[in-house]
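Q: Here's my sequence, what's the structure:
(one chain, ligands or ions: 1)
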Amino acid sequence: IFGLALFLTLAFSSRNFNEKDMSKESLIPIPIQIENYEGNFTITPETVILISEDEEEMRSVASYLSEFLSPATGFELPVKQNSEENKNSGNILLSLSENSQFQKPEAYTLEVTVENVHLQASTPEGLFRGIQTLRQLLPPEIESDKVQNIEWNVSSGKIEDHPQYSYRGAMLDVSRHFFSVNEVKQYIDFLAAYKMNKLHLHLSDDQGWRIEIKKWPKLTSIGGSREVGDTEGGFYTQEDYKEIVAYAQKHYITVIPEIDMPGHTNAALASYPQLNCDDNAPELYTGIEVGFSSLCVNKEITYEFIDDVISEIAAITPGPYFHIGGDESHATSKEDYNYFINRVQKIVKKYDKEIIGWDEIQTADIEEGVVAQFWHSEENAIAAKKKKAKILMSPSKRAYMDMQYDSLSPLGLHWAAYIEVDSAYNWNPATLVPEIAKEDIVGIEAPLWTETIKDIEDVEYMVFPRLPGYAEIGWSPDSLRDWGEYKVRLGEQYKRFKIMNLNFYESPRVPWE
Ligand code: TNX
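A: All right, here's what the predicted structure looks like:
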């Protein structure tokens with residue numbers, strides 16, 4: 001009798017111990033709905049990835065999944081079209097569905113049973129977002145690039161999910177410090193893992209011009225040569241830029257190029273004397289002051305220059321947006337500034353791109369639908385809304401990833417605020433500025449300015465662990481967001497972050513485990 005009781009207790013508790021509960025998994029961003037089923041699914045050497053139609057984009061999403069799972073599992077995970085003979089259990093099925101629950105292009109359903117994994121969406125993009133959820137349901141060892149001998153269990157259940165905002169992004173300033181194509185790809189990997197879908201590249205500033213413009217080669221040979229601290233700079237050839245865009249596209253991320261103007265233009269002014277009102281080129285600048293440079297608003301060559309720049313960049317940018325900057329133009333008179341923005345607005349439209357600009361652009365005659373990126377002035381954001389602009393939320397006190405966590409942070413600035421992980425998470429884009437409501441907002445973007453950020457390790461330190469929180473603010477309904485609960489989910493990423501080799505900030509406000 002005792003033996004039997006002991007056996008039953010052990011069997012029962014070990015079953016309980018092994019069985020995971022999907023609704024208790026620490027997923028970021030938190031999905032809209034999770035229903036737990038009994039049992040686990042296990043990926044094995046026999047597992048096949050099945051696609052509902054044999055179409056190029058479906059194949060590419062499925063290969064992405066296969067290539068993601070292979071290194072740590074050591075399994076081949078071939079991609080095959082779904083057919084009757086493949087219907088045996090143990091597989092991962094990706095399928096497109098017309099079902100009305102997938103109205104949003106990024107919506108997906110992930111159903112895991114003991115037999116199969118079934119991921120459904122109306123677009124390959126939706127499948128890609130769902131794959132990131134599957135990724136987080138797997139043991140953290142899945143992030144390893146070496147074979148790990150563990151059981152690849154996924155808790156079973158059903159997740160139904162879609163995003164709150166269509167614009168969920170991060171910015172990287174490649175001007176103050178230059179970042180290589182590979183570093184930008186790593187940044188894209190970070191965004192993709194948390195279902196972000198926009199990468200804003202700040203390609204020009206006083207300290208460096210970072211994109212090849214074929215008609216104006218000195219922009220890069222001179223203007224791209226240095227960076228903050230007077231170390232060697234760099235720039236992207238148009239081929240490099242296309243490579244970044246293609247990599248982003250593979251991760252369903254839209255690249256938004258920014259050429260900041262009329263201020264923040266010292267690198268361009270230093271490259272071509274004729275862009276200066278007095279025809280004198282200034283020296284290259286490697287400090288970190290702002291607000292001292294301006295293109296010459298009253299010279300026609302300025303607009304020929306801008307036309308060439310926008311035309312060449314627009315031609316290699318498949319996404320709909322072009323960011324014209326427009327911030328901190330303290331060296332341009334108000335009148336000149338507005339005249340300038342009005343003219344540049346027309347040039348961008350000529351090349352069929354939609355305009356994004358920092359919130360200051362609202363003083364010009366901006367057209368309906370322009371996106372004003374709120375960073376410091378509520379007044380500007382409200383005025384922009386009155387002009388029927390859409391608002392992109394990047395409040396510097398909350399969303400600036402270049403801000404120090406606290407006064408002891410070794411990297412970053414603090415002019416806007418110290419932004420600890422809780423402060424970064426604990427706000428709602430739809431209520432932060434009382435006059436700006438959810439329907440006025442396209443989404444959220446967390447910028448990383450790089451005056452003090454030199455390489456990818458520095459980037460990781462500023463971005464982790466704040467970025468997953470911004471991703472959740474953009475994706476998950478506000479009713480599901482609570483710092484007390486989120487910090488536990490974030491703390492449970494500890495092992496995953498370690499295996500991902502991230503140089504992350506181990507904030508004392510997060511219960512790391
Ligand atoms: C303000 S935010 C700037 C940038 C700086 C940043 C540093 C904005 C639109 N302009 O030029 O890099 O502060 O935090």
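
Q: Which helix or strand contains Gln132?
A: For Gln132, the host element (DSSP states H and E) is helix 124-137.

Q: Let me know the secondary structure of whichever residue of the stretch 151-300 of the chain sits closest to the ligand.
A: Using CB to the nearest ligand atom, the single residue of the stretch 151-300 of the chain nearest to the ligand is Val290, 4.9 Å away. The C-beta positions use only the backbone N, C-alpha and C, and glycine is treated the same way. Judged by DSSP: H, G, I helix; E, B strand; the rest coil, the three-state class of Val290 is coil.

Q: what do you get for Glu76?
A: Put simply, Glu76 is coil when judged by three-state DSSP.

Q: Close to the ligand: what parts of the stretch 251-400 of the chain are there?
A: Within the stretch 251-400 of the chain, the positions near the ligand by CB under 6 Å from any ligand atom are Val290, Asp327, Glu328, Trp358, Trp375, Tyr400.

Q: Around the last one, count how many other residues there are.
A: When you say that, I think you mean Tyr400. Neighbour count for Tyr400, taken as other CB atoms under 10 Å: 26.

Q: what's it in contact with, if anything?
A: Each residue near Tyr400 by CB atoms under 8 Å, 6 or more residues apart in numbering is listed here: Trp375, Ser394, Ala416, Ala417, Ile419, Ala446, Pro447, Trp449.

Q: coming back round to it: ok, of the residues of the stretch 251-400 of the chain next to the ligand, which one's closest to Lys334?
A: Glu328 (13.4 Å; CB to CB).

Q: quick one: the closest one and Gly291 touch, right?
A: Yes. Counting by CB atoms under 8 Å, Glu328 does reach Gly291; the two are 4.7 Å apart.

Q: and the closest residue to Pro273 other than its chain neighbours, how many neighbours?
A: Leaving out its chain neighbours, the residue that sits closest to Pro273 by CB to CB, 6 or more residues apart in numbering is Ala281, at 4.2 Å. The tally of other residues near Ala281 (other CB under 10 Å) stands at 18.

Q: which residues does Asp205 form a beta bridge with?
A: Per DSSP bridges, the residues bridged to Asp205 are Gly208.

Q: Looks like it contacts Ala267 (just checking).
A: Yes. Using CB under 8 Å, Asp205 is in contact with Ala267, at 6.8 Å.

Q: Identify the contacts common to these two.
A: In contact with both Asp205 and Ala267: Ser175, using CB under 8 Å, 6+ apart.

Q: Contact partners for the closest residue to Lys104 other than its chain neighbours?
A: Excluding the flanking residues, the one nearest Lys104 by CB to CB, 6+ apart is His162, at 4.6 Å. For His162, the contacting residues are Ile32, Phe102, Lys104, Glu106, Ala107, Tyr108, by CB under 8 Å, 6+ apart.

Q: any idea whether Leu467 is helix, strand or coil?
A: helix.

Q: Spell out which parts of this structure neighbour the ligand.
A: So far as CB under 6 Å from any ligand atom goes, the chain lies against the ligand at Val290, Asp327, Glu328, Trp358, Trp375, Tyr400, Asp402, Leu413, Trp449, Glu451.

Q: Need phi/psi at Leu93.
A: Here is the backbone geometry of Leu93 (degrees, to the nearest 10): phi -110, psi 130.

Q: Tell me who's in contact with the closest residue to the ligand within the stretch 401-513 of the chain.
A: Going by CB to the nearest ligand atom, the ligand is nearest to Trp449 of the stretch 401-513 of the chain, at 3.4 Å. Applying CB under 8 Å, 6+ apart, we find Trp449 in contact with Asp173, Arg176, His202, Tyr400, Asp402, Leu413.
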